[in-house]
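Novice: coordinates for the following, if possible.
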Amino acid sequence: MVRSHESDDFQKLLSIMEELHQLKDLDALLDAVLLEARQLTAAEAGSIYLVENGMLNFSYLHNDRLFSSARTKHIYTSNTLPLDNRSIAGYVACTGEPLLIDDVYKMPESGPFTFNSSYDRASGYRTKSLLVLPLKTSRNKIVGVMEIINALDREGESIPFTERDMMIAGYFANNAAAAVERAQLTREVILRMIRMCELHDPEETGTHANRVGAYAAEIYHQWALDRGVPEPEINKTQDLIRIAAMLHDLGKIAIPDLILKKPGRLEHNEYAIMKYHTIYGARLFENRSSDLDIMCAEIALNHHERWDGGGYPGKIRDIFADSVHFGPGKQGEEIPLAARIVTLADVYDALVSKRIYKESLPEAEALVVIREQAGKQFDPEVVAAFFAIHELIVAIRGKYREDSPTPTEGRAGP
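Specialist: Predicted coordinates for the structure are as follows:
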């Protein structure tokens, strides 16, 4: 990264903030916020912690020296820090004041906080300069902490951050905090909707929705990269698909409890009723006033279609008619891309998850099923993207486990 001139920075900030406020998904926003902050300060790494449940939850990570791509399994690491003065991030969260540290290994021992070097020891990385900023809203609410790591000169050598860096990045962080708070609210509203469904459907849990959403976003990202899709389009679609994928089964709220909670396999007539959750889900987005509404409806309606045409509900003239009859299955690219991706994400998660009517499959066996169904149930190109990022998929499963314990103190950054 190359440092920009101060006059350019403030011009960039206006357009950057406008773009950030277009992002709806929390993870997409954190990725963008961290990238922009690093570009403003010519830094090679960084991380973001969010304040959640009285703790600092490690939420995003970049490191150009360690990772060739920002899409690494480490962004799905689950670690927390106490919200106190003992850590660098905790100190900034508690005081609401930024920190500028030239070399973390030369800090005075008498200071209130210490640098945890375990990440450096484990990874072989050398943290040196740090710029640590509170993500503070206009109401002085701390929603998180952003650590920007190792400023670089034009030769790529580590140098200290400057007061100018702190001024520019601090202004950016204060503005970004409002976008982060809004995205957190959006995520919480979605999870509340899913919790409402969970009262009705024991399979529809927040962790299941988070997994399917994350799988879908990462599979799309790889699919788009393989086809040379421009980065702005990738970012926009990835932002939408994660949220829309989380809501894929919302229509099950209209299915009777006797069917949803049945402990065994469904009878033919029961399964016929269950299939209508695709119609009910799409109907929830009748007033399609945004790209997100459109994608939510497409995924809800089509995530049980099959690549070979054997899925449901098929081609229907009017899903809002008083009486809806399923038509011939859509096939191939007749099925919207987002729905083809969610089909695979949803089936994979079902295969490896325990249900009231079945045990979970071991990972290796689930992968065999996915391979066998390429060109049948699944789009072969979507399957290829899935296997290309399998390490990421496994990391997502680890972060959003059904039996996840209360997070314990961990270490993912300074």
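Novice: helices along the stretch 301-414 of the chain, start to end?
Specialist: Secondary structure of the stretch 301-414 of the chain (DSSP state H, counting those that start in this stretch): helices located at 337-352, 363-372, 380-388, 390-399.
Novice: brain fart, the stretch 151-300 of the chain
Specialist: Counting by DSSP H, counting those that start in this stretch, one finds helices in the stretch 151-300 of the chain at the ranges 163-198, 206-226, 231-246, 257-260, 268-274, 277-283, 291-302.
Novice: show me the shaky parts of the stretch 101-250 of the chain.
Specialist: Of all residues in the stretch 101-250 of the chain, those with pLDDT under 70 make up the ranges 201-204.
Novice: can I see the domain layout of this structure?
Specialist: 6-183, 200-399 (automatic domain parsing).
Novice: ok so, going back, with distance to Thr127 and mean neighbour count added, can I get the helices of the stretch 151-300 of the chain in a markdown table?
Specialist: From N, CA and C alone the C-beta is placed, and that goes for glycine too. Formatted as a markdown table, these follow (distance: least, CB to CB, whole Å; neighbours: other CB atoms under 10 Å):
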| stretch | distance to Thr127 | mean neighbour count |
| --- | --- | --- |
| helix 163-198 | 16 | 18 |
| helix 206-226 | 27 | 23 |
| helix 231-246 | 28 | 21 |
| helix 257-260 | 50 | 14 |
| helix 268-274 | 53 | 12 |
| helix 277-283 | 46 | 22 |
| helix 291-302 | 38 | 22 |
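Novice: which one of those lies closest to Ile149?
Specialist: Comparing the helices of the stretch 151-300 of the chain by their distance to Ile149 (CB to CB), the top pick is helix 163-198, with 12.2 Å.
Novice: which other helices and strands does the closest one contact?
Specialist: Where contact means 3 or more CB pairs under 8 Å, 6 or more residues apart in numbering; DSSP states H and E, helix 163-198 is packed against helix 6-20, helix 26-41, strand 99-101, strand 130-136, strand 142-152, helix 206-226, helix 231-246.
Novice: and the first one, what's its mean pLDDT?
Specialist: Think helix 6-20. Here the mean pLDDT over helix 6-20 is 67, rounded to a whole number.
Novice: test my guess that Ala224 contacts Glu233.
Specialist: Yes: taking CB atoms under 8 Å as the contact criterion, Ala224 and Glu233 are neighbours in contact, 7.4 Å apart.
Novice: please determine how far the nearest residue to Ala282 once chain neighbours are set aside is located from Thr343.
Specialist: Leaving aside its sequence neighbours, Ala282 sits nearest to Leu301 (CB to CB, 6 or more residues apart in numbering; 3.8 Å). With distances taken as CB to CB, to the nearest Å, Leu301 is found 12 Å from Thr343.
Novice: same check on Gly144?
Specialist: 34 Å.
Novice: and if you look at Pro82?
Specialist: Counting by CB to CB, the gap between Pro82 and Thr343 amounts to 42 Å.
Novice: Ile234 too?
Specialist: Where Thr343 is concerned, Ile234 sits at a distance of 20 Å (CB to CB).
Novice: just Leu56 next, same as before
Specialist: With distances taken as CB to CB, Leu56 is found 37 Å from Thr343.
Novice: quick revisit: ok, Pro82 and Thr343, which is more surrounded?
Specialist: Thr343 (26 against 13; other CB atoms under 10 Å).
Novice: stretch 387-397: which residues count as buried?
Specialist: Neighbour counts over stretch 387-397 (16 or more other CB atoms under 10 Å) mark Ile389, Leu392, Ile393, Ala395, Ile396, Arg397 as buried.
Novice: got the contact list for the nearest residue to the last one once chain neighbours are set aside?
Specialist: Spatial nearest neighbour of Arg397, excluding adjacent residues (CB to CB, 6+ apart): Arg211 at 6.5 Å. Contacts were defined as CB atoms under 8 Å, 6 or more residues apart in numbering; by that measure Arg211 touches Ala345, Asp349, Ile396, Arg397, Tyr400.
Novice: one more pass at 10 Å, please.
Specialist: Residues touching Arg211, when contacts are defined by CB atoms under 10 Å, 6 or more residues apart in numbering, comprise 205, 245-246, 345-346, 348-349, 352-353, 393, 396-397, 399-402.
Novice: kindly report the same for Ala297.
Specialist: If you count contacts by CB under 10 Å, 6+ apart, Ala297 has them with Ala244, Leu247, Gly281, Ala282, Arg283, Leu284, Phe285, Glu286, Arg288, Ile319, Pro336, Ala339.
Novice: next, work out how far apart it and Asp379 are.
Specialist: Spatial separation of Ala297 from Asp379 under the definition CB to CB is 20 Å.
Novice: again, but for Pro232
Specialist: According to CB to CB, Pro232 stands 24 Å off from Asp379.
Novice: got it, and Leu83?
Specialist: With distances defined as CB to CB, the gap from Leu83 to Asp379 amounts to 44 Å.
Novice: more neighbours: which of those two?
Specialist: In this view Leu83 and Asp379 are compared by other CB under 10 Å, and Asp379 has more residues nearby, 23 against 19.
Novice: mind listing the shared neighbours of Leu301 and Thr343?
Specialist: His248, Ile335.
Novice: and Phe113, how far is that from Leu81?
Specialist: Phe113 is 11 Å from Leu81, where distance means CB to CB.
Novice: shared neighbours of these two, which are they?
Specialist: Going by CB under 10 Å, 6+ apart, residues that sit against Phe113 and also against Leu81 are Ser87, Ile88, Ala89, Gly90.
Novice: thank you kindly, that will do.
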